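Visitor: Show me the folded form of this:
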Amino acid sequence: MSGIDYAIVASYLVLLLVVGGWFARRASQSSDAYFLGSNRLPWWALGSSGMSSNLDVAGTMTIVTMIYLFGVHGFFIEMRGGVVLPIAVFMAFMGKYHRRSEVMTTAEWMELRFGTDWQGKAARVTAALTYVVITIGMVVFFLSAMGKFLAVFLPFSELQCQLGVLCIALIYTGASGLYGVVWTDVFQSGLIGAAALYVAVVAGLEYGPHIAEAWPGSPFNQAWPLWYNENLRVEHSGGVLDYRWFGFFLIFWAGKGLLEGLGGSGGSAYMAQRFYAARDEKDCGKIGMLWTVLFAFRWPMVLGFAILAVALGVGLENPETILPEVLLSDYFPPGVRGLVVAAMLAAAMSTFDSTINAGASYLVKDGFQLLKPDASERSLTWAGVVSSVLIVAVGLFIALQVDSIIEVWVIIVINLFPAFLVPFALRWFWGKMSGCGFAVGVVAGFLSAMTLVVFPDIAGGNEMIMLGVTVVVSWLGCMFGTMCSPHPDQMQVLEFYRKVRPMGWWPKEWVRDRVVDNRRDRKDLLLALLWQLLTFLLPMLTMLRRWDEVVIGFVVWLILSVVLFKKYFGRRSRRLRSRT
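Guide: Reported below is the predicted structural model:
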C-alpha cells in the first residue's frame, strides 16, 4: 500500500482508541452501563451497531468464495448463517420478548424462566458455558481470517496482525464496554457502507457478457433456487462442496436460521444483547428494520468482489484469497485502497468487539458474580476486562492451528450452532420444559456435534446429516431431561409468561387473551422474512441486470416496506408507545 493508505488505516485505529477512552468513565459506572449502556442507547445506534457487528472479514471472505463458485446460489448457501435470518425473527417479535425480560444476559434469563432452584441454576450455567464456547469459536474464526487478510497489506506476519487486532480491540472494548462498542460501530457502519458502494458500483460497471462467460458461478445467477443440478459440486483448496441436491440443503439451512432466531440467540451472544439494551420494546422493531437495511450493503459488495475476481482472473487455485488479491489490483487506487482496507478492518473490529463484550458478560454475570454475589460494581467491571482477555487468549491459541477459513465456518454453523438450537427455542414456547431438560438437551447436542467433528466419516461430510443428527439428539435430550425431572413451579412459569407474553404451548387459560397478538406476530414473521430476503437479493440482481426479476421483486418489496414502516414508525406505533 502507499503512504496515504497506511495513514488512513492508522488514523482509523487511533480513532478507535480515542472513542474507547472517551466512553471509559461512563461505562465504569456500573455493570449495567458496561454491558447494556444503561438502556439509554438510541435505536438507530443499536441498529447500526448490529449491522457492523454482523459484517466481518472472515464471513466476507467465506461469502465471496461462495458467490464466486456458485453465483447468486451462494447467497442461498449462506442462509445457513451468513444471511442472518434471525434478524427477521427478532424484528417480528423476538426482540420485544427479550426487552420484556429485563435481564442482562440470556443465562440470567434462565432463572426468570426456570426459577432459582437447582434446575434454574443448571440451565443458567449451561447457557453461560454455551455462549462462552460459541464466543471462543467465533473469535477463532475472526482471528484466522484477519491474520491472513492483513498480512497481505501490512509489513507484518499473520501472528503479528492477529496480536495487533487483539490489543486494539481489547483496549477500547475493555475500557468502554457496550458504549464504546456501539458508538465505534456507528462510525464503522458508515465506513463499511461507503466501501460497499464503491465496490458495487465499480463491479456493476465492469460486469458484462465477457464476465459471465468466464465466471464459474454464472449459470446459477437466478433468484429462484434450483432443486437439483449436477454442477453444484465443486472441489477447491478447502475441500469438496457438494450441493447437488440443492433444494434439500436449502430447506435445512433455512430451518436452521429460523430455529436460531426462535431460540433468541441468532447464533451469537451479541445479537440478543442489542435488544436487551433497547430503551423499550417499541424500539426493537425499529432496530431490526434498520439492521436489515444496513446489512443489505454486504451483498452487492461480496458480489462485486466476485465479479472483479473473474475480471482479473484470480481465485481459480484458491478462492479464499480473492478478497486480498482484488484489493491489490488497479481497481483500488491509492487512498481508495486504504479506505477499503480500513472498512474491512472496521468490519472485523465491529464483530470482534461485540463478540468479546457479550461473551465477557456471561463470565461476569453468570460466573464471577455467582461466586461473589457481594462484589462491588468496580469489581464487576474489572472482571469484565479480565474475562475479555481470557476469551481472546484462548481464541488466539486455537486460531494458530487453523488452515482453512471455510472449514472453521462449517464447523461453527453446521456442528456447533445446531447443538443448542432446539433447547434454546423450546425454552421460550413450551411451558412444560424444565431447567433440567434444557441443560440435558444442550449437553446432548454438544456431545453429538463434537462426535461428528472428531469422526466426520459418520456423516460422510454431508451437512444435512450432520445438522439433522445434532438437532434430533438435542431434542431427545430435552424430552428425556424434562420427563425425568420435577415439573417446573407453575407460579414461576406463570410469572415468566405474564412478563414476557410469548406465543407457544401454554395453558389455555393463559393464552386466551393473547390469540390475536400471537396471530399478528406469526404474520409479521412471514412479512419480515420475505422483506429481508428481497432487501438482500434486489441489489445483487440489479448488478447482474436481471431486470425481469428485479421489477417483480421490487414491487413486492415496496409493498412490504410500506406495511412494515407503518407498523414500526407510524402513528399506531407511537400510540402503543404512549400507552406503555
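
Visitor: shaky segments in the stretch 201-350 of the chain?
Guide: Scanning the stretch 201-350 of the chain for pLDDT under 70 picks out the ranges 236-239, 265-269, 350.

Visitor: what sits against V310?
Guide: Applying Cβ atoms under 8 Å, 6 or more residues apart in numbering, we find V310 in contact with Y68, I211, A214, W215. Any C-beta I mention is one placed from the backbone N, CA and C, and that applies to glycine too.

Visitor: actually L447, not the one I wrote
Guide: So L447 contacts V473 (Cβ under 8 Å, 6+ apart).

Visitor: From A419, how far off is it?
Guide: Distance of L447 to A419, given as Cβ to Cβ, to the nearest Å: 8 Å.

Visitor: which ones are touching M540?
Guide: The contact partners of M540, by Cβ under 8 Å, 6+ apart, come to V72, F75, W299, P300, L303.

Visitor: Identify each buried residue in the helix or strand harbouring it, please.
Guide: If you go by DSSP states H and E, M540 is part of helix 515-543. Buried residues in helix 515-543, counting neighbours by 16 or more other Cβ atoms under 10 Å, are found at 521, 524-525, 527-529, 531-543.

Visitor: Quick check: next helix or strand after that helix?
Guide: Counting by DSSP H and E, what follows helix 515-543 is helix 547-569.

Visitor: distance between that following helix and the chain's centre?
Guide: For helix 547-569, the separation from the chain centroid amounts to 24 Å (computed by Cα atoms, centre = their mean, to the nearest Å).

Visitor: Who are the packing partners of it?
Guide: Counting contacts by 3 or more Cβ pairs under 8 Å, 6 or more residues apart in numbering; DSSP states H and E, helix 547-569 is packed against helix 282-295, helix 515-543.

Visitor: and L538, how far is that from F153?
Guide: 32 Å.

Visitor: which helices and strands does the helix or strand encompassing I251 pack with?
Guide: Using DSSP H and E, I251 sits in helix 246-262. When contacts are defined as 3+ Cβ pairs under 8 Å, 6+ apart, helix 246-262 packs onto helix 73-77, helix 86-89, helix 418-429, helix 463-483.

Visitor: Extract the CA atoms of the helix or strand just after it and return them as CSV.
Guide: Using DSSP H and E, the helix or strand that follows helix 246-262 in sequence is helix 269-276. Extracted in CSV, the C-alpha atoms of helix 269-276 (Å, rounded to 0.1, in the frame of the first residue of the first chain):
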residue,chain,number,x,y,z
ALA,A,269,-24.4,-13.6,22.2
TYR,A,270,-24.3,-10.0,20.8
MET,A,271,-27.5,-10.2,18.8
ALA,A,272,-29.6,-10.7,21.9
GLN,A,273,-27.6,-8.1,23.8
ARG,A,274,-28.7,-5.3,21.3
PHE,A,275,-32.3,-6.0,22.2
TYR,A,276,-31.7,-6.3,25.9
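
Visitor: just the angle between helix 269-276 and helix 246-262, please?
Guide: Helix 269-276 runs at 50 degrees relative to helix 246-262, counting by axes from the mean of the first three to the mean of the last three Cα atoms, to 10 degrees.

Visitor: Run through the residues that contact A203.
Guide: So A203 contacts P300, L303, G304, F305, I307, L308, M543 (Cβ under 8 Å, 6+ apart).

Visitor: quick check, nearest of these to L226?
Guide: Proximity of the contacts of A203 to L226 (Cβ to Cβ) peaks at L303, which lies at 18.3 Å.

Visitor: you'd agree the closest one is up against I67?
Guide: Yes. Judged on Cβ atoms under 8 Å, L303 makes contact with I67 at a distance of 5.7 Å.

Visitor: Distance-wise, check the residue in the chain sticking out farthest from the centre relative to G431.
Guide: Centroid-distance maximum for the chain: E509 at 36.6 Å, with Cα atoms, centre = their mean. Noted for E509: a distance of 12 Å to G431, by Cβ to Cβ.

Visitor: now do F246
Guide: From F246 over to G431 the distance is 38 Å, taken as Cβ to Cβ.

Visitor: Next: D489.
Guide: According to Cβ to Cβ, D489 and G431 sit 12 Å apart.

Visitor: swap in F153?
Guide: 54 Å.

Visitor: any idea where the helices of the stretch 251-400 of the chain begin and end?
Guide: Along the stretch 251-400 of the chain, the segments classed as helices by DSSP state H, counting those that start in this stretch run 269-276, 282-295, 298-312, 322-327, 336-363, 369-371, 377-399.

Visitor: Distance to Q188 added to these, as TSV?
Guide: Below are the helices of the stretch 251-400 of the chain laid out as TSV (distance: least, Cβ to Cβ, whole Å):
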stretch	distance to Q188
helix 269-276	14
helix 282-295	11
helix 298-312	13
helix 322-327	18
helix 336-363	4
helix 369-371	31
helix 377-399	19
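
Visitor: Okay, helices next: where are they in the stretch 1-150 of the chain?
Guide: Applying DSSP H, counting those that start in this stretch to the stretch 1-150 of the chain gives helices spanning 3-27, 31-36, 43-54, 57-70, 73-77, 86-89, 95-101, 106-114, 118-153.

Visitor: Ok, which of those comes nearest Q369?
Guide: Ranking the helices of the stretch 1-150 of the chain by proximity to Q369 (Cβ to Cβ) places helix 31-36 first, at 8.0 Å.

Visitor: related to what we said a few turns ago, just the buried residues of the contacts of V310.
Guide: Taking 16+ other Cβ under 10 Å as the criterion, what is buried in these is Y68, I211, W215.

Visitor: lowest-pLDDT helix or strand in this protein?
Guide: helix 571-579 (a mean of 51; mean pLDDT, DSSP states H and E).

Visitor: Report the buried residues of stretch 553-565.
Guide: Across stretch 553-565, burial judged by 16+ other Cβ under 10 Å covers G553, W557, L560, S561, L564.

Visitor: list the contacts for the second one?
Guide: Shown in contact with W557 (Cβ under 8 Å, 6+ apart): W531, L534, T535, L538.

Visitor: if we can go back for a sec, out of the buried ones among the contacts of V310, who's nearest V454?
Guide: The closest of the buried ones among the contacts of V310, once distances to V454 are taken by Cβ to Cβ, is Y68, at 30.7 Å.

Visitor: ok, how many other residues are close to the residue nearest to that closest one when sequence neighbours are not counted?
Guide: Sequence neighbours aside, A306 is the residue nearest to Y68 in space, at 4.4 Å (criterion: Cβ to Cβ, 6 or more residues apart in numbering). Neighbour count for A306, taken as other Cβ atoms under 10 Å: 30.

Visitor: biggest helix in this structure, by residue count?
Guide: helix 158-206 (DSSP state H).

Visitor: Isn't S144 up against A399?
Guide: Yes. Using Cβ under 8 Å, S144 is in contact with A399, at 4.7 Å.

Visitor: Looking at the two, which is more packed in?
Guide: Between S144 and A399, counted using other Cβ under 10 Å, the more crowded position is S144 (27 against 24).

Visitor: if I look at that one, how far off is F446?
Guide: Distance of S144 to F446, given as Cβ to Cβ: 22 Å.

Visitor: try A214
Guide: With distances taken as Cβ to Cβ, A214 is found 44 Å from F446.

Visitor: Same question for A151.
Guide: Using Cβ to Cβ, A151 is found at 33 Å from F446.

Visitor: same question, L467
Guide: Relative to F446, and taking Cβ to Cβ, L467 is found at 14 Å.

Visitor: ditto for S157
Guide: Separation of S157 from F446 (Cβ to Cβ): 34 Å.

Visitor: Tell me which of these two has more neighbours.
Guide: Shown here are S157 and F446; by other Cβ under 10 Å, F446 has more neighbours (23 against 12).
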